[in-house]
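In: got a sequence here, can you model it:
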Amino acid sequence: MAARILYIDDDAGLARLVQKGFARQGFEVEWAADGESGLKRLTEERFDAVVLDHFLPVREGLEVLADIRALKDAPPVVYVTATQEGKVAVGALKAGAADYVIKDISEDFLSLLHVAVTAAMEREALRRAKEMSDAEVLRARDRAEALLREVNHRIGNSLQLVSSFISMQARTVKDEAASQALRETQARIEAVAQIHRRLYTSDDVTTVELGDYFQGLVDELKSSLGPEEGAPSIVLTAESLRVPTDRAVSLGVAVAELVTNAMKYAYAEGQGGEIRVLLAREGDRAVLTVEDDGAGMGDGAPKGTGLGSMILKAMATNLQSRIEYDAAHRGVRARLRFEP
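Out: Numbering: from 1, shown residues only. Predicted coordinates for the structure are as follows:
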């Protein structure tokens, strides 16, 4: 199908010349003698490009150009005028013209106009193709994010179900050590489940806000580890900080392990006390601190099976860091410095 050009100019003779010249190049050129009739045709018909004269009856070309650019899916406009004033060209280009050609009746004018119109249509085709490509990329991203949210939703629900089973099992076993081990396992599962619950309710599925995440995790730890009267309280103080999801998982598991250890060993049964979880920025890094005012680490040897220590070391390695203990602190103060 031949490209359709709308030529807006009150010079009927030049319009016929343009029509004949462009017809030889395979273009179909329609003529409008003024801006208003040209605008009317643009709202009723489809054109691939517009050639617009500067000097028109009633309204000059720059005013008409503004109205054309305001149309939905406006075609590219090549601005033409007989004046040599540079400010006219600058004004047209600023107003949205695709190109500018000096008008006369020579063959050079027709050649230059043909080149300008062809280039304008090619640029417009590329622009529209890019818009379509960008829109498809956005649609694909939205579909992927929706699918990822659904995956996180299902994983979160499944982990919650496993956590509930473990909680039920912990309440039925008679051996206190086995019951404690099950509660610790539940805390580890909750650290991961909290991540997935945050992700499927968030607009950002690639990062996690640590303050909100730690608050949910601390609430779960209170419920699973210390519901009894006289159990230590867990206090969270956290600055707002977003980190990638995989780093948040490692940090959450580390918090669960350190809080679990403090619950078990910091204070005598029924003594109460406070366990503090602190998150703060430190220059271009961040520091996670879990501390208590309890009995301290004694000889420093691992207590229990040592599984918690292995998990903490693994999580710190994932974060390219290590757990540091403050020997001068009255109880236990564990710090983990990491890059957000």
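In: what number of residues lie near Ala125?
Out: Counted by other Cβ atoms under 10 Å, the residues lying close to Ala125 total 12. (C-beta placed from N, C-alpha, C; glycine too.)
In: work out for me the element it sits within.
Out: Element membership for Ala125, per DSSP states H and E: helix 107-172.
In: mind listing what's buried in whichever helix or strand comes after that helix?
Out: As assigned by DSSP H and E, the chain's next helix or strand after helix 107-172 is helix 176-200. Buried residues in helix 176-200, counted by 16 or more other Cβ atoms under 10 Å: 180-200.
In: before we move on, what about stretch 211-227?
Out: In stretch 211-227, counting by 16+ other Cβ under 10 Å, buried: 213-214, 216-218, 220-222, 224-226.
In: just want the most central residue of this protein.
Out: Asp204 (6.1 Å; Cα atoms, centre = their mean).
In: how distant is the helix or strand of the chain with the lowest mean pLDDT from the center of its chain?
Out: Of all helical and strand segments in the chain, the minimum by mean pLDDT, DSSP states H and E falls on helix 176-200, at a mean of 77. Average the C-alpha atoms of helix 176-200, do the same for its chain, and the two points are 29 Å apart (Cα atoms, centre = their mean, to the nearest Å).
In: can you check stretch 280-288 too?
Out: The chain centroid and the centroid of stretch 280-288 are separated by 23 Å under Cα atoms, centre = their mean.
In: just the CA trace of it, in PDB.
Out: Extracted in PDB, the C-alpha atoms of stretch 280-288 (Å, rounded to 0.1, in the frame of the first residue of the first chain):
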ATOM      1  CA  ALA A 280      21.600  -0.200  62.000                       C
ATOM      2  CA  ARG A 281      23.600   1.300  59.100                       C
ATOM      3  CA  GLU A 282      27.300   1.600  59.500                       C
ATOM      4  CA  GLY A 283      28.700   3.700  56.600                       C
ATOM      5  CA  ASP A 284      28.200   1.700  53.400                       C
ATOM      6  CA  ARG A 285      27.600  -1.500  55.400                       C
ATOM      7  CA  ALA A 286      25.000  -2.600  58.000                       C
ATOM      8  CA  VAL A 287      25.300  -4.400  61.300                       C
ATOM      9  CA  LEU A 288      22.900  -6.900  62.800                       C
END
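In: could you list the buried residues of that stretch?
Out: Across stretch 280-288, burial judged by 16+ other Cβ under 10 Å covers 286-288.
In: contacting residues around that stretch?
Out: 238-239, 241, 251, 254-255, 277-279, 289, 335-340 (Cβ atoms under 8 Å, 6 or more residues apart in numbering).
In: and stretch 235-242, by the same measure?
Out: By Cβ under 8 Å, 6+ apart, stretch 235-242 touches 204, 207-211, 214-215, 218, 274-281, 286, 340.
In: likewise stretch 86-98?
Out: Applying Cβ under 8 Å, 6+ apart, the set of residues contacting stretch 86-98 from outside is 49, 52, 54, 61-62, 65-66, 69, 76-79, 81, 100, 116, 119-120, 123-124.
In: so among those residues, which ones count as buried?
Out: 49, 52, 54, 61-62, 65, 76-79, 81, 100, 116, 120, 124.
In: what's the lowest-pLDDT member of the residues you listed?
Out: In terms of pLDDT, the weakest of the buried ones among the contacts of stretch 86-98 is Thr81, which scores 87.
In: quick check: that residue vs Arg335, distance?
Out: Separation of Thr81 from Arg335 (Cβ to Cβ, to the nearest Å) stands at 73 Å.
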